[in-house]
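In: predicted model and sequence below, questions to follow.
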Protein chains: 2
Amino acid sequence: MEEKDHITINQIADEAKVSIATVSRVLNGNATVSPERKKRVEEVIKKYNFSPNALARGLISRQTKTIGVVLPDISNPYFSSMFLEIERSALEAGYTLLLCNTLFGGSSHGIRNTKEESYYFQMLTDKQVDGVLIIGGQVDLTTVDDNYKQALKRLSSQLPVVVIGKELEDINCIFIHPENGQGNEELIALSDYYTGDGYSAINTLVSRNTSFTAFLAINDNVALGAERALLDLSIKVPEDVAVISCDQFLTGEYHIPRLTSINQHHDLLARLVINTLISAIKGNSSSPKFSLTPELVIRESCGTHMGIR
Amino acid sequence: MEEKDHITINQIADEAKVSIATVSRVLNGNATVSPERKKRVEEVIKKYNFSPNALARGLISRQTKTIGVVLPDISNPYFSSMFLEIERSALEAGYTLLLCNTLFGGSSHGIRNTKEESYYFQMLTDKQVDGVLIIGGQVDLTTVDDNYKQALKRLSSQLPVVVIGKELEDINCIFIHPENGQGNEELIALSDYYTGDGYSAINTLVSRNTSFTAFLAINDNVALGAERALLDLSIKVPEDVAVISCDQFLTGEYHIPRLTSINQHHDLLARLVINTLISAIKGNSSSPKFSLTPELVIRESCGTHMGIR
DNA sequence: TTGAAAGCGCTACCAG
DNA sequence: CTGGTAGCGCTTTCAA
């Protein structure tokens, strides 16, 4: 690409016949500048469509207005819907998001990254993000890898970190963990977030010769896989087995049969975590008190339209 | 958050008893440093786990190793699968991605951002990204908004931009546009990428009193909505109408009925565009020659398992 | 091979 | 209210 000329604060100052300090002042609007000079500067800024270099700014102000988001897989509706909510709140507060998919546990598309979490953590600190949001991944494991703990500990010793996941001892992050999976614990056979997992979960249950009349999936994808498996086994939904999901995506409404879901208010959770992080960035490091009451959204897949319950 | 001490190249230099220039040299490994000094510096770096500030680096080297990705909606499987592929290639080349969802046309979750494309473009240039990748959105419209064109023109006059979308005159981007929607043009009623669009498309077709025996959806979500609509109208899939999608996601395999799809090799497209952008960043601005031949993946929804074709 | 020093573009302090 | 100036942390000449 050919050399593009770029305008700096110096050229604006020159042309407006003021010092760069004055240009900086009108740019930031925090100090008082005389009306004439201000107008002159603003005109030149507009003329060249000047906008200050965020690197130089960040270097001195020590904030980049950028937040790192680390999650397993953005192609999973659970994470993408969270991400969109997070992005919206971040935007409102003037932040931009650096997204890192660790692809921990693989992805729905068979794509794998080779970097581990610590790589992303380092990169994010190098780029001087103002804070990091971690959604699931390693932290969801029963036993968390020691290297990961080390990396997370180091990360959180350098900047504010909010984690959606269960608390780890001796690590200075804000952990936010909505209570999932209460009730209906009779039969559990799930391992992951994907369609294939729902499919094999049903097969596992059936091969165990256990009998069940309801299936609670962690998300819509898993529910879809389960329904497919049930059909393949000639088990009818919802006559023989009711299927319930835990997502609240619009597609549930279009499923055949329409999916009954538990609304866990992911949107609220997303807003909660990003706002917590932003306020931590601003110096307020208290953990938020919250409670998100799950809510059942009844549709066909649990059998209510047939009078079954 | 309490003040975190941060280590700089100066402290490394002090402790290793060399100049900062020497530390910089071992950091970058481009100039020769005597073995003893090099070892000394490396030890101190390791001791403090030092990693250089990317802002300072970017300010002087004029590259941030960051790429902006602007797309309508990451919660749409088409975009998220592309994004994952893009991210993988970017990572391999040492780049990080700044993701911007314009939510142009709304999102599958009803979330809307209030910023328009030009806002993201400005932010990306401010943050000195090395290049920008634009996937769909405004560029997909029949008539592109003038403000958008202006913004895109300005953006591409400052840094390399690769666009997946149809070419716009007089704008210095690299446009890459896979040929979609060839054949089967008998009846078109689609407007967008979402499940609801598929649902209403079917209703539109039916209300027009047109008769059709096949429905080609732009993606799996639209196909799902169409199937639901057909069922609601007591039209059987695939007996009465065959449904075909253009995605290649794993969930298609689990649909009821299993979705017949056209594989358009989005993964290859993703790799193509990111590699094109990276090579443009490195100074090679030629448009790539390519052809992606779509491939039909036949499953139940088109009726083949019943001997229909 | 090495260190001193001049910036990258900006903010914020200091005098005036 | 204003301009000069000292850096932010780093890379890269330029001499030695």
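Out: Here it is on my side, so go on.
In: would you say A:Ile235 is within a strand?
Out: No. Using DSSP: H, G, I helix; E, B strand; the rest coil, the assignment for A:Ile235 is coil, not a strand.
In: apart from its neighbours in sequence, what residue is nearest it?
Out: Nearest non-adjacent residue to A:Ile235, counting by CB to CB, 6 or more residues apart in numbering or on different chains: A:Val241, 5.7 Å away. Just so you know, the C-beta spots here come from the backbone N, C-alpha and C atoms, and that holds for glycine as well.
In: ok, the one you found - contacts?
Out: A:Val241 makes contact with A:212-215, A:230, A:235 under the criterion CB atoms under 8 Å, 6 or more residues apart in numbering or on different chains.
In: wait, A:Asn219 touches A:Ser245, no?
Out: Yes. Applying CB atoms under 8 Å as the test, A:Asn219 and A:Ser245 come out as touching, 6.2 Å apart.
In: looking at the two, which is more packed in?
Out: Neighbour totals were compared for A:Asn219 and A:Ser245, and A:Ser245 leads with 30 against 25 (other CB atoms under 10 Å in any protein chain shown).
In: how about the more buried one, nearest residue that isn't a chain neighbour?
Out: Nearest-residue entry for A:Ser245: A:Ala223, 4.0 Å, with adjacent residues in sequence omitted and distances by CB to CB, 6+ apart.
In: do you know how far that neighbour is from A:Ile262?
Out: Counting by CB to CB, to the nearest Å, the gap from A:Ala223 to A:Ile262 is 11 Å.
In: poorly predicted segments of the stretch 101-250 of chain A, please.
Out: Residue ranges of the stretch 101-250 of chain A with pLDDT under 70: A:105-111, A:113, A:179-183, A:185-194, A:246-250.
In: make sure A:Gln63 is indeed in a strand.
Out: No. Assigned with three-state DSSP, A:Gln63 falls outside any strand and is coil.
In: dump the residue contacts of it.
Out: Contacts for A:Gln63 (CB under 8 Å, 6+ apart) come out as A:128, A:130, A:281.
In: I figured the first one hits B:Asn53, correct?
Out: What it means is A:Gln128. Yes. Here A:Gln128 reaches B:Asn53: they are 6.5 Å apart, a contact under CB under 8 Å.
In: touching, A:Lys166 and A:Asp140? I think so.
Out: Yes. Under the criterion of CB under 8 Å, A:Lys166 makes contact with A:Asp140 at 7.4 Å.
In: now the residue lying closest to A:Val161 once chain neighbours are set aside: how far from B:Phe50?
Out: Distance criterion CB to CB, 6+ apart; nearest residue to A:Val161, sequence neighbours excluded, is A:Cys173 at 4.3 Å. Using CB to CB, one gets 23 Å for the distance from A:Cys173 to B:Phe50.
In: okay, these two: which has more neighbours?
Out: Set side by side, A:Cys173 and B:Phe50 show more neighbours around A:Cys173, with 21 against 17, by other CB under 10 Å.
In: which positions in chain A make contact with DNA strand D?
Out: Contact residues (CB under 7 Å from any atom of the strand) of chain A with DNA strand D: A:17-22, A:25, A:31-34, A:36-38, A:56, A:59-60.
In: of those, buried ones?
Out: The neighbour count (16 or more other CB atoms under 10 Å in any protein chain shown) marks A:18, A:22, A:25, A:33, A:37-38, A:56, A:59 as buried among those.
In: now, among those, which is nearest to DNA strand C?
Out: When those are compared for distance to DNA strand C (CB to the nearest atom of the strand), A:Ala56 wins out at 3.2 Å.
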